[in-house]
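Undergrad: below are the sequence and a predicted model for it; my questions follow.
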Amino acid sequence: MLTPLQTDLAAVVEGVNLVWVLTVTFLIFFMHAGFAMLEAGQVRSKNVANQLTKNLLTWSVGVVVYFLLGAAVSTIVGGLTGGGPVSVSGAFADVYAPEAAATTAWVDWLFGAVFAMTAATIVSGAVAGRARLRAYVSYTVLLAGVIYPVVVGVTWAGGFLSTLGFHDFAGGMIVHGMGGIAGLTAAWVIGPRMDRYNDDGSANVIPGHSMTFAVLGTLILAFGWYGFNVGTAASPLALTESGEVTLGAFAYVGRVALVTTLGMAAGAIGAAGMAMYQTGKVDTLYVANGLLAGLVGVTAIADAIVWPGALVVGLLCGVQLPLVFSFVEKRLKIDDVCAVFPVHGSAGVLGAVLFPVFATGVWNGSASVVELAVPQLVGVAVIGVWTFVATAAVFGLFRSTGQARVTREHEREGLDTSEHGVDTYPEFGRPESETGLRADGGAFTDAEREE
Amino acid sequence: MLTPLQTDLAAVVEGVNLVWVLTVTFLIFFMHAGFAMLEAGQVRSKNVANQLTKNLLTWSVGVVVYFLLGAAVSTIVGGLTGGGPVSVSGAFADVYAPEAAATTAWVDWLFGAVFAMTAATIVSGAVAGRARLRAYVSYTVLLAGVIYPVVVGVTWAGGFLSTLGFHDFAGGMIVHGMGGIAGLTAAWVIGPRMDRYNDDGSANVIPGHSMTFAVLGTLILAFGWYGFNVGTAASPLALTESGEVTLGAFAYVGRVALVTTLGMAAGAIGAAGMAMYQTGKVDTLYVANGLLAGLVGVTAIADAIVWPGALVVGLLCGVQLPLVFSFVEKRLKIDDVCAVFPVHGSAGVLGAVLFPVFATGVWNGSASVVELAVPQLVGVAVIGVWTFVATAAVFGLFRSTGQARVTREHEREGLDTSEHGVDTYPEFGRPESETGLRADGGAFTDAEREE
Amino acid sequence: MLTPLQTDLAAVVEGVNLVWVLTVTFLIFFMHAGFAMLEAGQVRSKNVANQLTKNLLTWSVGVVVYFLLGAAVSTIVGGLTGGGPVSVSGAFADVYAPEAAATTAWVDWLFGAVFAMTAATIVSGAVAGRARLRAYVSYTVLLAGVIYPVVVGVTWAGGFLSTLGFHDFAGGMIVHGMGGIAGLTAAWVIGPRMDRYNDDGSANVIPGHSMTFAVLGTLILAFGWYGFNVGTAASPLALTESGEVTLGAFAYVGRVALVTTLGMAAGAIGAAGMAMYQTGKVDTLYVANGLLAGLVGVTAIADAIVWPGALVVGLLCGVQLPLVFSFVEKRLKIDDVCAVFPVHGSAGVLGAVLFPVFATGVWNGSASVVELAVPQLVGVAVIGVWTFVATAAVFGLFRSTGQARVTREHEREGLDTSEHGVDTYPEFGRPESETGLRADGGAFTDAEREE
């Protein structure tokens, strides 16, 4: 039985926590504007409206599916694989008509939804310029309703990876790693854009239409990421069982804020340095994507690493970016248009796997590297395999029925016309848009790029 | 007499509430960036700087007028029509030198101001491409000083619609409906852009210059809208008369957050589906505007409807968008450049009018549809007629004195040159800018558009 | 010894204050997106990626340097010049391993860091289009590590200007004035862009490539500025020595919010009016920059002026913009590409210097103008001279070793190609990019501009 004072304090705690979770949820939602701009900037002008529409529909369709189905699937999978009690009807009732519906339950649902939609939207950047709109939207429905909820079920919702001790603070692997792997898989299944590879297997560069939009998107994402990472630092206030008010997990918010900042900065520096080393020039897109890769790298571990670790993890995430991008492009021959795998996939894996090396517990002697490493490796493997298999199956089905890609004519013409009936820039000349390559009809070959 | 503890708790309540209202006020302010980009993207490149300048001046001029005049007018009108005591000097003193000037009074004023400026800025999208800058700014002065304050006076400020029971949670009708109706009226009075209609009455499509900016604006608006709707869910903490702390109206914040999210998603889906049904293609701008229309639709009622209602209202707002746009364009022959009426006007009316059908009170049997419907219909009618008459009178006066529009030469040349002496994109070719139409000299006729 | 209740209340105070400072810190961080867009829009399309990269690296490199060095330098300089105890190792330990590391100390560091990076990023707009990337980044390292920390040391960190009574609420002089003066100095040392001045000394106008991005940047900056100014209104809750909770300095937050709003509005109006007076047209860029100058003007004094003062200071900051820009361009012959001196420098000085005229203390008779004026004048002089000397020395050294500017060939070709190996807009024609001037080969002379 709470005293009147404890009732007052409980209301204060609830009010402050609601203010925080709503604020950071809005910031994370705003990342959709970031993804839309980042991806739009990296595609040809003939495919911009298609990319924008995919982003709008990812959110609109995905969030409804996640409400009607996905959130309950998470709970059910969590119970099934975590040994907890499983009530299918209860899981849906918790979403549709929660006891405390009007207060925190639906706010918490929305907080989960913006994470889910972040994972979903990553995929669109990988399959840009050739995936059919209806194939992409159908996959988004499955991702929001099942594929991502299963990942959350086995982790944050109490499933077996959670029991094992898998540590993913804010979704470096669960959200970004998952999205990056899904994107790579989808891009692999549907094949590269026409003109992307020559008959001899060498790659052509198809530059995006606006670096300005790409960098704008990067900075919007970084802004929203503060909500993503720092926001996940739990609720500002907690009530102990005996009714005392404490900062709870929020006591670590300073660490999260610092590590997020240093991680993104080091990512940009790492990628800039690598670009300088490889070509003597600082490719703007590498710096932007390096900053994002640094953010991804620390996302899983921002609550529990030492700050020098943030610098190292961020740097490595930046440095691996051009290397992994080149490996995907030249060895795997996968056309990952917006580099979503090096930015979200490999950087997410790297952060999760490096956690044992930089964890505060290891540095202060309270935990061993091996003890921490096993759950991380198992977690990364489970999430990676599930995401790969599920995505390959879905897009494989689409491909086998001829639904995965637009026709060659539509791809050449641009998806804006064929899928949407619009011209993104009706007043600006696009001498290169006919072929998606250069005005002189040639292609940017590897050799030319190195000039 | 408060105990020392109650004094402490009162300070906590005030501090937390200030944090919330400031945060959401900043988000709502940021909607000006959204409107600027949404509108800039939908006009020809020769008129972009004009559109941007109008947005900058709407805020700058409007907010000063609202401070010096508008806020007090609201209070006075509220008192006059609500039967309360009316003190003209007191109303101004409350704005200029409020007792608690340094703390909450001016924060509350700013919260009101960002709503007022949202209503004001909607109009600029309707009259794009031909309204004179000085006519537009003069109208903004009147809107911020009188026209909008009267609407607030008879509703939120305690006037007769408030007494009647008119329900408008966050301004779906008061702000958006009002702005949409004002925009349609202004566009009607000043007439369409040249080349917009042919001699036989058929309409030409004049596409905007950048879908990317339009979608960016849409997503910025959706971000800010979370402040608009969820922010209006009152203060996070409340003090009861006996000094206890509760969540007050904030107890419903989860409902508001959910309904806002589902409403916008359903709006985008509804418009996308309608576009698909009509043309077989998913017009990007319809999806974006449908998302906004869905937001408008739930804005008046987000605190008090069941979630299936949010899906239905959002869908209807999306579906009506192409239909109403087409009706305005082809039957009314009004050139509403940025579709502000279907997005803000008719969607705002639809949400307000559908309230009785989906209100929680009706679904749980504590209220009757008719009881709720009468004040909604009266409120919509009063706000609509007032806005129409006031706007038509002002722009009619401008038109009768030849001040409403730029000259035909200036319109052809573009308002950027004639009104601002600038070229928005001095380096990018605009083969179509001479006529505002296509490079081949022809026009996008209805027939071509349907291709 | 705190009672259990006082412990509870202390946790509440800390939690609420953390929520606020993190929220406004994120807003201030987002200003980097604003600066990036504002500057990118004001440069030629051949130099856009260079401008974007500089902005990304300013943040990424600068924030790491500020962590490793700058923050400690502030503390040390504050102690040295303020007569306090000085511990070099202690100053670094407070940053690297603060006692309360995980909670507020690193949050407070980040709050300081976003201010430091704002000062740093202003410089890039002045030296656009010709400064070498490595020279600019090297200067940023020195600014973040020493030059700016010295300014903070002698003021906010308790140094001699603080002792003297110098008033700068949120950095109107410390951040913006300093950045504007640094930018002007750097632009002077490295000289104007080629083609900017003719042999007879007359100036050519080299218009930016996109007004839309410039205005977007302006509105993002205004949004972030609410965090900058209103956020600095201290912590929402304070604990008195006897353990009572009060609003503390947050009691003045309403004044700050109002003054910030009126200041920016008046700045836009002042610049629009001046443009109208000078040319009969309302130059969009003047309105945007005037809005920013108005914000700068009230930043130093927003906590302590009467609201009519905000209107006057804002108006003056707007009006001085075209005059100071013209003076810098035509008399000083300095090529300040993005007008950072009139926006941040002279407006920052104006606000700091006008403080004594509009301070509430003066208007209610509790302080004298002269008493307040002396520290303001001394503070502006000290900060101005230090910034000028340090910046001139650094860029002078770069110039003397031929490292300050790119070659003439690279400048003509554009820095995007030579420094970054990218083309920002590979699909859009740029007939004028060869010369940075007009397609017909001519230049926009002063005479033409006045047409």
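TA: Cool, the structure landed.

Undergrad: tell me the secondary structure for the residue positioned nearest the centre of chain A?
TA: Centroid-nearest residue in chain A, with Cα atoms, centre = their mean: residue A:176, separated by 3.3 Å. Recorded secondary structure, residue A:176: helix (DSSP: H, G, I helix; E, B strand; the rest coil).

Undergrad: quick one, what contacts it?
TA: A:118-119, A:122, A:296, A:299, A:344-345, A:347-348 (Cβ atoms under 8 Å, 6 or more residues apart in numbering or on different chains). Every C-beta, even on glycine, is put in place using the N, C-alpha and C of the backbone.

Undergrad: with secondary structure and neighbour count added, can I get these in TSV?
TA: Shown next, in TSV, are those (DSSP: H, G, I helix; E, B strand; the rest coil; neighbours: other Cβ atoms under 10 Å in any protein chain shown):
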residue	secondary structure	neighbour count
A:118	helix	28
A:119	helix	28
A:122	helix	28
A:296	helix	33
A:299	helix	31
A:344	helix	35
A:345	helix	31
A:347	helix	35
A:348	helix	32
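
Undergrad: quick one: which of these is nearest residue C:222?
TA: When the contacts of residue A:176 are ranked by distance to residue C:222 (Cβ to Cβ), residue A:118 comes first, at 27.2 Å.

Undergrad: didn't the closest one look like it was pressed against residue A:228?
TA: Yes. Assessed by Cβ atoms under 8 Å, residue A:118 is found in contact with residue A:228 at 7.5 Å.

Undergrad: tell me, what's touching these two both at once?
TA: In contact with both residue A:118 and residue A:228: A:28, A:31, A:171, using Cβ under 8 Å, 6+ apart.

Undergrad: just list the residues touching the second one, thanks.
TA: It refers to residue A:31. Taking Cβ under 8 Å, 6+ apart, one finds A:114, A:118, A:220-221, A:224-225, A:228 in contact with residue A:31.

Undergrad: cutoff 7 Å now
TA: Shown in contact with residue A:31 (Cβ atoms under 7 Å, 6 or more residues apart in numbering or on different chains): A:118, A:221, A:224.

Undergrad: likewise for the first one?
TA: Contact analysis of residue A:28 by Cβ under 7 Å, 6+ apart lists A:114, A:118, A:224, A:227-228, A:231.

Undergrad: any chance of the residues you listed in JSON lines, with pLDDT and secondary structure too?
TA: As requested, these are exported to JSON lines (pLDDT from 0 to 100; DSSP: H, G, I helix; E, B strand; the rest coil):
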{"residue": "A:114", "pLDDT": "97", "secondary structure": "helix"}
{"residue": "A:118", "pLDDT": "97", "secondary structure": "helix"}
{"residue": "A:224", "pLDDT": "98", "secondary structure": "helix"}
{"residue": "A:227", "pLDDT": "95", "secondary structure": "helix"}
{"residue": "A:228", "pLDDT": "93", "secondary structure": "helix"}
{"residue": "A:231", "pLDDT": "85", "secondary structure": "helix"}
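
Undergrad: among the residues you listed, which one sits closest to residue B:361?
TA: residue A:114 (30.2 Å).

Undergrad: the closest one and residue C:77: what is the separation?
TA: 43 Å (Cβ to Cβ, to the nearest Å).

Undergrad: with just CA atoms, put stretch A:245-261 into CSV.
TA: This file holds the C-alpha atoms of stretch A:245-261, laid out as CSV (Å, rounded to 0.1, in the frame of the first residue of the first chain):
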residue,chain,number,x,y,z
VAL,A,245,13.1,7.2,-6.5
THR,A,246,16.5,6.6,-8.2
LEU,A,247,18.0,7.2,-11.6
GLY,A,248,18.0,3.5,-12.3
ALA,A,249,19.7,2.6,-15.5
PHE,A,250,19.7,6.3,-16.5
ALA,A,251,22.7,6.6,-14.2
TYR,A,252,24.7,5.4,-17.2
VAL,A,253,23.3,7.9,-19.7
GLY,A,254,26.4,10.0,-19.6
ARG,A,255,28.5,7.1,-20.8
VAL,A,256,26.0,6.4,-23.6
ALA,A,257,26.0,10.0,-24.7
LEU,A,258,29.8,10.1,-24.8
VAL,A,259,30.3,6.8,-26.4
THR,A,260,27.8,7.5,-29.1
THR,A,261,29.5,10.8,-29.9
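
Undergrad: give the buried residues for that stretch.
TA: A:245-248, A:250-261 (16 or more other Cβ atoms under 10 Å in any protein chain shown).

Undergrad: could I get the contacting residues of the closest residue to chain B within the stretch 151-300 of chain A?
TA: Nearest residue of the stretch 151-300 of chain A to chain B, counting by Cβ to the nearest Cβ: residue A:213, 6.1 Å away. Listed by Cβ under 7 Å, 6+ apart, the contact set of residue A:213 reads A:37, A:40-41, B:212.

Undergrad: same thing with residue A:150?
TA: Per Cβ under 7 Å, 6+ apart, neighbours of residue A:150: A:73, A:77, A:386.

Undergrad: go on, residue A:276?
TA: Counting by Cβ under 7 Å, 6+ apart, the residues that residue A:276 touches are residue A:282.

Undergrad: how about residue A:169?
TA: A:232, A:299-303.

Undergrad: try residue A:27
TA: Residue A:27 sits in contact with A:223-224, A:226-227, A:231, C:26, where contact means Cβ under 7 Å, 6+ apart.

Undergrad: hmm, 6 Å instead?
TA: A:224, A:227 (Cβ atoms under 6 Å, 6 or more residues apart in numbering or on different chains).

Undergrad: in space, what's closest to residue A:224 - neighbours in sequence excluded?
TA: residue A:31 (3.6 Å; Cβ to Cβ, 6 or more residues apart in numbering or on different chains).

Undergrad: separation between that neighbour and residue A:120?
TA: Applying Cβ to Cβ to residue A:31 and residue A:120 gives a distance of 12 Å.

Undergrad: put together CSV for the contacts of residue A:176, with distance to chain B on each row.
TA: Formatted as CSV, the contacts of residue A:176 follow (distance: Cβ to the nearest Cβ, whole Å):
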residue, distance to chain B
A:118, 14
A:119, 17
A:122, 16
A:296, 21
A:299, 21
A:344, 20
A:345, 25
A:347, 25
A:348, 24
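
Undergrad: distance to residue B:4 added to these, as JSON lines?
TA: Output for the contacts of residue A:176, formatted as JSON lines (distance: Cβ to Cβ, whole Å):
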{"residue": "A:118", "distance to residue B:4": "46"}
{"residue": "A:119", "distance to residue B:4": "50"}
{"residue": "A:122", "distance to residue B:4": "53"}
{"residue": "A:296", "distance to residue B:4": "49"}
{"residue": "A:299", "distance to residue B:4": "44"}
{"residue": "A:344", "distance to residue B:4": "53"}
{"residue": "A:345", "distance to residue B:4": "57"}
{"residue": "A:347", "distance to residue B:4": "53"}
{"residue": "A:348", "distance to residue B:4": "51"}
